[in-house]
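Trainee: quick one, structure for this:
(2 chains)
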Amino acid sequence: MPVSREYIVKRLILLVVVVFGVLIITFIITRVIPAHPELLWAGAHPTEEQIEKAREQLHLNDPIYIQLLYYLRDFLVGDWGVSWRTRQPVLSDILSALPATLELVTTAFIIAIALGIPLGALAALKRNTWVDHVIRIVSVLGASVPVFWLALIFQLVFSSWLGILPGAKRVDEFIVLETGFKPITGFILLDSLLEGNFAVFVNALHHIILPAIVLAFYPFGLSARMTRAIMTEVLNELYTRSALAWGLPRRVVIYKYALKNTLAPVIASLGLSFGYTIIGAFMVELIFVWPGIGLYAAMALLSYDYPAIIGSIVLVAIFYTVINMIVDIIHAIIDPRVKL
Amino acid sequence: MIPEDIRVIFKLIKTNPVSMAGLVIVAAFLVVGLLAPFITPYPQDAWGDVYHLDQRYQPPSWAHPFGTDEMGRDMFSRVILGARFSLIIAVGVVGLALIIGIPIGLIAGYLGGKIGTTLMRITDMFLAFPPLLLAIALAATIGRGLTNTIIALAISWWPWYTRLIYVQVNSIKTLPYVDAARIVGVHPLAIMFRHILPNALTPVTVQAALDMGSAILEAAGLSFLGVGVTPPTPEWGLLVTEGWSSINIAWWISLFPGLAILITVLGFNLLADAVREAGDPRLRRILIVGRKL
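Mentor: As a prediction, this is how the structure comes out:
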């Protein structure tokens, strides 16, 4: 057992503390900073009555610390307000949108890792040759490109002009109706495989390619650069050099010793890039009409649907903290040195 | 950072064509950003308060290298002036973030103890948000506009600089000259700001300068989500967004401002990459010795 229970408990306590901090900060932003919070929460064109109702719901007539307590209680019992756009409770809206986003982001990460680690390793082996330069430019491009612009251009070129891939939605409605597909978990790719419904699976796969590739650019660049940097370092360590001096084949040294040691830091960096990617999903989902949290939040922003905006932000922030904790624990399992 | 480091960085940049490209791009961006109002071919189009109904949706040509938009405005002029706004945003965001971040890191690092720990815990809370998310929440609360965009981004930006300064101050405050200053009775504030800060400043300012690319990228994201700058400001992200609805009949409206963001941010990132490699002592040793496996 490389990771002690103690370590995991410590991380869980830290998680609770951080989530509490996130809630405090959102409370300050949404209730303390605005001069009239009730106007923000009362919809785009509120009536007197709606404003008064919002004042009451937010307990604005109470002192600030009582407001905070109510805020925390509402959060814990799942009362995150009602969206002005969909007229549904924000929390249930968000939770029903979550699988679509997770499916998209997971696919993007699979693409990013599958390409980023081998190409980064290749760049380190061919340091300062044209191969290295090209891989470096492509990977830095991933961190430099405005993701919404890339999504627009990809949609225009591959969907509107070339017509090879669909440019909107997760799956075509008529195929769902024809085959009588019923989602179980909300992950269409997974559900269709479980049901053996290959028509829906292939259709959904076609739909996910464009948005997933666009989203994969940033984590791809990061994992490629990380792999390259650490691989360069590892290849110059004494142990790899002595392994070579002992006459071990280069191939064995690279794959068995060098590449293995790049894994832990690369995974840690991908945890950080998860946050960036999920924000990218806000924009990519809006463009590809992908019915996830991103589309929900982006629509809320464009229609001044304040409860929905804040709800999505709190959920994404908490999700991000949880992912980071999981990544930290995985990191500690792979590399026992990080256990501090 | 000491002059030797900067020499190493320049040596690295000179020997690497890709890093050199980064330096050239950043220099070009700064020049265009500073001169923008004087070099736009159609200044009125650039500022945005005109209609040319007979010139709508013109594809790229010699007269309009980047085409025209739905109001017949010259996109080339708009993109050139956009460099000025991107520069304002970039300098504003990292500048404000430094103003907030440095004193907090300095105080936390110098005082240490309970106050220091508390300040750093608060700082970490801000880092618990994914990038841009906090800025989105703030912008949705305080409203759109150039100043609000800068404020919203800076509020989510300063913790990085606080951490950098904190680490620096922690290593500097144990040096003998700081003890000496304390013993002769120099005021703690004077020790912090006059004696420690100048020696802790270089890494954070270099980092801030290189972060300007990310600031431009995130401001563009805010614009796209409808919580950034307001029209007719020719901010690049907003220009891309304005071209979205007509992208199937006039692709050039979105294409060129997006390319401008891409190239500028790429320049900053390539430069940042070069500096980071130079700053990594182990990697630098390899590079200076030139040993290859």
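
Trainee: what's the helix or strand for the residue nearest the centre of chain A?
Mentor: Geometric centre of chain A, nearest residue: A:I278, 3.0 Å, by CA atoms, centre = their mean. Using DSSP states H and E, A:I278 falls within helix A:259-287.

Trainee: output the contacting helices and strands for that helix.
Mentor: helix A:90-125, helix A:147-154, helix A:198-235, helix A:293-302, helix A:306-334, helix B:133-142, helix B:197-224 (3 or more CB pairs under 8 Å, 6 or more residues apart in numbering or on different chains; DSSP states H and E). Any C-beta I mention is one placed from the backbone N, CA and C, and that applies to glycine too.

Trainee: relative to helix B:197-224, how tilted is that helix?
Mentor: 40 degrees (axes from the mean of the first three to the mean of the last three CA atoms, to 10 degrees).

Trainee: give the buried residues for helix A:259-287.
Mentor: A:259, A:261-262, A:264-287 (16 or more other CB atoms under 10 Å in any protein chain shown).

Trainee: circling back to that earlier point, quick check: the residue nearest to the centre of chain A vs B:G95, distance?
Mentor: 28 Å (CB to CB, to the nearest Å).

Trainee: got the confidence number for the most centrally placed residue in chain B?
Mentor: Chain B has B:M212 as the residue nearest its centroid, 1.4 Å off, counting by CA atoms, centre = their mean. We have a pLDDT of 92 for B:M212.

Trainee: tell me how far the residue nearest to the centre of chain A lies from B:F126.
Mentor: Separation of A:I278 from B:F126 (CB to CB): 17 Å.

Trainee: dump the residue contacts of the single nearest residue of the stretch 101-250 of chain A relative to chain B.
Mentor: Evaluated by CB to the nearest CB, the stretch 101-250 of chain A has A:W149 as its residue closest to chain B, separated by 3.4 Å. Counting by CB atoms under 8 Å, 6 or more residues apart in numbering or on different chains, A:W149 makes contact with B:A220, B:V240, B:S254, B:G258, B:I261, B:L262.

Trainee: at 10 Å instead, please
Mentor: A:214, A:283, A:287, B:220-221, B:224, B:236-237, B:240-241, B:243-244, B:254-255, B:257-259, B:261-262 (CB atoms under 10 Å, 6 or more residues apart in numbering or on different chains).

Trainee: flag every residue of the stretch 51-200 of chain B that's near chain A.
Mentor: Residues of the stretch 51-200 of chain B lying close to chain A by CB under 10 Å from any CB of the partner chain are B:121-122, B:124-143, B:152, B:155.

Trainee: out of the residues you listed, which end up buried?
Mentor: Using 16+ other CB under 10 Å, the buried ones in these are B:122, B:124-142, B:152, B:155.

Trainee: circling back to that earlier point, make a ChimeraX selection of the buried ones in the contacts of A:W149.
Mentor: ChimeraX command restricting the contacts of A:W149 to the buried ones, with burial defined by 16+ other CB under 10 Å:
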select /A:214,283,287 /B:220,221,224,236,237,240,241,243,254,255,257,258,259,261,262
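
Trainee: closest residue of chain A to chain B?
Mentor: A:G275 (2.9 Å).

Trainee: and the closest residue to that residue other than its chain neighbours, what element?
Mentor: Nearest non-adjacent residue to A:G275, counting by CB to CB, 6 or more residues apart in numbering or on different chains: B:P130, 2.9 Å away. Under the criterion DSSP H and E, no helix or strand holds B:P130.

Trainee: ok, B:P130 to A:A168 distance?
Mentor: The value you get for B:P130 to A:A168, if CB to CB is used, is 25 Å.

Trainee: could you do A:V266 as well?
Mentor: 33 Å.

Trainee: do the same with A:I318
Mentor: A:I318 is 29 Å from A:A168, by CB to CB.

Trainee: repeat that for B:I247.
Mentor: Counting by CB to CB, the gap from B:I247 to A:A168 is 13 Å.

Trainee: what about these two, which has more around it?
Mentor: Neighbours were counted for B:I247 and for A:A168 using other CB atoms under 10 Å in any protein chain shown; B:I247 has more, 18 against 13.

Trainee: look up phi and psi at that one.
Mentor: When quoted as degrees, to the nearest 10, the phi and psi of B:I247 stand at phi -70, psi -30.

Trainee: spit out the contact partners of it.
Mentor: Counted by CB under 10 Å, 6+ apart, B:I247 has contacts A:L152, A:I153, A:Q155, A:L156, A:S160, B:V240, B:I253, B:S254, B:L255.

Trainee: swap in 8 Å and give it another go.
Mentor: Contacts of B:I247 (CB under 8 Å, 6+ apart): A:L152, A:L156, B:I253, B:S254.

Trainee: ditto for A:F187
Mentor: By CB under 8 Å, 6+ apart, A:F187 lies in contact with A:P99, A:L102, A:E103.

Trainee: are any of these buried, and which?
Mentor: For the contacts of A:F187, a burial check counting by 16+ other CB under 10 Å picks out A:P99, A:L102, A:E103.

Trainee: export those to a markdown table and append columns for pLDDT.
Mentor: Formatted as a markdown table, those follow (pLDDT from 0 to 100):
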| residue | pLDDT |
| --- | --- |
| A:P99 | 90 |
| A:L102 | 91 |
| A:E103 | 91 |
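
Trainee: under the pLDDT cut-off, which ranges of chain A? List them.
Mentor: Counting by pLDDT under 70, chain A has low-confidence residues at A:1-3, A:336-340.

Trainee: sorry, back to before: the helices and strands packed on helix A:259-287: which one's closest to B:Y161?
Mentor: helix B:197-224 (5.3 Å; CB to CB).

Trainee: relative orientation of the closest one and helix B:133-142 in degrees?
Mentor: Using the same axes, to 10 degrees: helix B:197-224 against helix B:133-142 is 70 degrees.

Trainee: tell me which helix or strand comes right after helix B:197-224.
Mentor: Following helix B:197-224 in sequence order, the next helix or strand is helix B:236-244 (DSSP H and E).

Trainee: whichever helix or strand comes after that next one near chain A anywhere?
Mentor: Once helix B:236-244 ends, the next helix or strand along the chain (criterion: DSSP H and E) is helix B:252-279. Yes: using CB under 8 Å from any CB of the partner chain, we find that helix B:252-279 touches chain A at B:S254, B:L255, B:G258, B:I261, B:L262, B:V265, B:L266, B:F268, B:N269, B:L270, B:D273, B:E277.
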